[in-house]
Structure formats: C-alpha cells, structure tokens
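# Prediction below, plus the sequence it came from.
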Amino acid sequence: MNRRSRAKTTVLSKLLQLPESADPGKKLNEAMKVIERENDDLKDVLPKPAKQQFSPPSRLRAFALTQNLFISMTRLLTLRAVVKRFLNFLLLAGFAVGNAQAQLTLADVQTVVAQAVTRATGLASSPLRTNAVIALTDREGWVLGVWALNTNATSADPLVGEAIAKAGTAAFLSSGQNAFSTRTAGFIVQQHFPPGIANKPPGPLVGVNFSQLGFSDINKFKAPGSVISYGSSPGLTLVAPPLPVTGGLAGTPGGLPLYKNGQLVGGVGVAGNGVSPTAVTPSVIAKPDSDEDVALAGQTGFAPANKIFGSQVLIDGIRLEYIESSTSLGAVLPFGSLPGKNVSPFTLIATPAPFAYPVVTLGGETGELRQPIIADPSAVPLPYGPRGSPRPKFPTSLLPPRTAVAPRGPASACHAVSRPRCSSAS
C-alpha cells in the first residue's frame, strides 16, 4: 500500500474511533482536507462543508460499513474515482439517516399539544377556550394525534377534519427552504393575485386546494391502519382520515409547519374559532386569526428560521403572506393535566419510521423513488407511433390551392426613397 493509500486508511480509522459525543461532520471536513493536501487534483471535487450533511453522531455507523469497501476500491480505481464513489455512498447513507433524524418524538407531539391547549384555554373571549381542536401530522401526512377541548368530540366532528387538513397543508407545502402556512396557501389559490384586486390574473397555485381530493394524489393523509406500499397503486393501502368539504388542503389561517434542528418535521393545525373552511376570502387572509394564534403557541420551539418564512418570498414584487397573528404563551400546563381529550382513533404517537423507498440518482440528483418507473401500460398505439418517431408531414391535399401572386408594377411606381434601387427603366 503506497503512502497515499495509507493516509486515506489512517484518516478513516480515526473517523471510526470517534466517540458518540463527537461531531463527525467537523472531523470529516478535517479528513477531506488531509486527502486534498495529498492530492492537488481533488481540491475542487470534495464537498464543503460536510458538517450539515454528516453531523448526527449516529452516522458513524455508515462510515464503519464502508471502510472495507473503500480500501478495496483503492486497489482497483484511480484516487479520483475512489473518492467520488466513496462520497456518493456516504451521501446515500446520510440521506437515509437524515430522514430518520427528521421526525417528531412522542414527547415533541405532547409538547406541541400542551402549548396549544394552554394558549387556547387562556383566550377568555374566544370559542377556542372550550372548542379548540389541535391536530398534528408529520411531513408525510401521518396523523400524529388529535386533541379536542370539547370532551364530547368524536372523529366525525367537522373540526377534527379541518384541524387535520390545516396541519397537513402546512407540512405538505413547506420544505427545508421555505416555510408556508395555510394563510400562505389561501393567499396563492385565489381567483385574483393579490387577493381582492379585481382584473388581476389568478394566483400562482389557483385551485391547488382541491388537489388533495380522495381520488387524486398518491401522497395522502394517513390515518391509523394505513400501510405504506411500494408499487403501481400505493394509495390503495392507505386509510384516509376525515377531511373538510374543501378536500385535503386548507386555505384559512390556523395551520403552521413544524421544524426540528432546522429540518421540516410536520405541521400543527387548529380549528374551532368559527371561521368556515370554505371562507378562503381576501378579508380572512388579511387579518389576524385566533386559530393561528393558538397554532403559533403550539409551534413554540418548533418554528422555522425567520429567513425561510413564506413572507420572504416575492412574486411579481408582491410579498406572500405567512402569519398575521401573534401569540403569548405563559406557563405551559403539564400534559398529564390538560383539559379535553385525545380524540379516537388518533392517539398521540411519534413519527412512524420512514419507509425504505429505493434511493436512486437521476440527472445527478439523489432522492427516493416513491413509485416504480414503468413503460406505458396501454396497448393502444400512439397516433404517430412510439415516442420519438418522426411526425408525418401535414397532407398537402388538405391545403387550399395557391393563389397566383401578381407581378410587381412598373419601375416608375417605385417609391421615391427606393427609386435609386429601381431598374434603369425608371
């Protein structure tokens, strides 16, 4: 083994010996610098920084699984190819571990509920004081629990479906780069954009609030009893929770995304202040809302960074809405003594373990393949043959007969400006 191979092996051995409390992201960056010092041609190949990609200590397990593979590859491939392939493997491992890290624990769910209930019971003049329903979903649409202050509430209560829709809308529309609320959703689905301004074109996502109807999407809300499946019909194994008449996505305030360690983990939705789920109107979108107030309290400790608020996004110079309400959260009631009840069958749970979808790289981007890529299953041939076939020319027999073009007039008819270019006969 040459000096460079020994250096690479030594670097990896040190990574594997790190204690669980160490920051492997920082150490991996240091390791990459060592490799770069030994190989000038790799200075622009290695990713920087690696800390965000490899920070959870548990990812050292991924390093251990790849050490022998890395050393074996060193004997067969050039250094550049070895490092590229090794890093690609680490990225895939990090992708899977990252999904596992981005989830809410049962304690997190209970904290969000306790904070929201505490705020709702403190609103003396609001129907939410005795009527609030709080729901949580994870970013995949799993319902993590529903809590109602009305002890007579059941899953058939319309407020339950409304709260679930609000939580899921915030979770589905948000990402690691942008945090969107149900107020944001209501702002961009209107018939005019911005809402309330007549004779303006529709919003950028007009009608998207109807895109989660029961017959449409694959990534649906998931009630207890749902089973994730990988196949041509993954939606058939899912159980839908109750949803409002508007469908799965909500457009009235009261739904906010939840973040943990900077990663999107779900959403919280609150219903019960008397605003109808169909009241997606400019006036509702523009003013403070008590449902949103309570959701903000629940979001405490799980809020996105200000820099990714939906209100940081401009469309045609118009700033999107994110929140118009504020909240005030005092001493939080202990979860064990909260008023109300956990609505059956939506027992409070942690985020389920992520399903092991195939991880693939397409066009240089690595991600999960949620449904198999297949050929067109229809036996009916396309009108002009398989895709990519040359399209036939339009039948000339269908064209109208050509009309003879009259010859140009005498040269003497030339315009004065063009006369120098006319024939000598002029």
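Ah, there it is.
# can you pull out the strands in this structure?
133-138, 143-148, 255-260, 263-271, 314-315, 318-319, 341-342, 359-362, 365-368 (DSSP state E).
# tell me the most buried of those?
With neighbours defined as mean count of other Cβ atoms under 10 Å, the strands of the chain peak in mean count at strand 133-138, which reaches a mean of 31. (Each C-beta comes from the backbone N, C-alpha and C, glycine too.)
# Pull up the pairing partners for it, direction included.
strand 143-148 (antiparallel), strand 263-271 (antiparallel) (DSSP bridges).
# how about those in CSV, adding mean pLDDT and distance to Ile285?
What follows is the strands paired with strand 133-138, written out as CSV (pLDDT from 0 to 100; distance: least, Cβ to Cβ, whole Å):
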stretch, mean pLDDT, distance to Ile285
strand 143-148, 98, 25
strand 263-271, 97, 16
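# Switch these over to a markdown table; also include distance to Lys341.
Formatted as a markdown table, the strands paired with strand 133-138 follow (distance: least, Cβ to Cβ, whole Å):
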| stretch | distance to Lys341 |
| --- | --- |
| strand 143-148 | 6 |
| strand 263-271 | 16 |
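# Let me see the domain layout of this protein.
3-101, 106-368 (automatic domain parsing).
# mean pLDDT lowest for which of the ones you listed?
For the domains of the chain, mean pLDDT drops lowest on domain 3-101, to a mean of 50.
# What is the neighbour count of the residue nearest to Thr327 when sequence neighbours are not counted?
Distances taken as Cβ to Cβ, 6 or more residues apart in numbering place Leu296 nearest to Thr327, at 3.9 Å, with adjacent residues excluded. Leu296: 24 surrounding residues under other Cβ atoms under 10 Å.
# Name the residues of stretch 169-181 that are buried.
Across stretch 169-181, burial judged by 16 or more other Cβ atoms under 10 Å covers 169-174, 178-181.
# What ranges does the stretch 101-250 of the chain have for its helices?
For the stretch 101-250 of the chain, the helices defined by DSSP state H, counting those that start in this stretch occupy 106-121, 128-131, 158-173, 182-188.
# can you put those helices in JSON lines and add distance to Val343?
What follows is the helices of the stretch 101-250 of the chain, written out as JSON lines (distance: least, Cβ to Cβ, whole Å):
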{"stretch": "helix 106-121", "distance to Val343": "11"}
{"stretch": "helix 128-131", "distance to Val343": "13"}
{"stretch": "helix 158-173", "distance to Val343": "6"}
{"stretch": "helix 182-188", "distance to Val343": "20"}
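# Out of the ones you listed, which is closest to Pro358?
helix 158-173 (22.1 Å; Cβ to Cβ).
# So which other helices or strands are in contact with that closest one?
strand 133-138, strand 143-148, helix 182-188, strand 255-260, strand 263-271 (3 or more Cβ pairs under 8 Å, 6 or more residues apart in numbering; DSSP states H and E).
# residues making contact with the third one?
For helix 182-188, the external contacting residues (Cβ atoms under 8 Å, 6 or more residues apart in numbering) are 166, 169-170, 173, 194-195, 203-206, 208-209, 249-256, 269, 280, 284-285, 289, 292, 310, 315, 320-324.
# Just the buried ones out of those residues, please.
Buried among these (16+ other Cβ under 10 Å): 166, 169-170, 173, 194-195, 203, 205, 208-209, 249-256, 269, 280, 284-285, 289, 292, 310, 320-323.
# How about the contacts made by Asp108?
Neighbour list for Asp108: 260, 265, 302, 350 [criterion: Cβ under 8 Å, 6+ apart].
# With Val143 instead?
Per Cβ under 8 Å, 6+ apart, neighbours of Val143: 135-137, 164, 221-224, 241, 346.
# one step back: quick one: which of the helices of the stretch 101-250 of the chain is nearest Glu368?
Across these, closest to Glu368 is helix 158-173 (Cβ to Cβ), at 15.8 Å.
# Excluding sequence neighbours, find me the nearest residue to Thr105.
Excluding its sequence neighbours, the residue lying closest to Thr105 (Cβ to Cβ, 6+ apart) is Ala350, at 5.0 Å.
# And that neighbour, how far from Phe335?
14 Å (Cβ to Cβ, to the nearest Å).
# likewise Val189?
With Cβ to Cβ as the criterion, Val189 and Phe335 are 35 Å apart.
# and those two? which has more neighbours close in?
Between Val189 and Phe335, counted using other Cβ under 10 Å, Val189 has the larger neighbour count: 23 against 16.
# which ones are touching that one?
203, 205-209, 251, 280.
# Name the residues that touch stretch 227-242?
143, 155-156, 160-161, 164, 214, 217-218, 220-226, 346, 355, 357-358, 370-372, 374.
# Give me the buried entries from those.
For those, buried by 16+ other Cβ under 10 Å: 143, 155, 160-161, 164, 217, 220-223, 226, 346, 357.
# returning to that earlier point: hmm, which two among the contacts of Asp108 are most spread apart?
Phe302 and Ala350 (14.0 Å).
# Having no further points to raise, I will conclude here.
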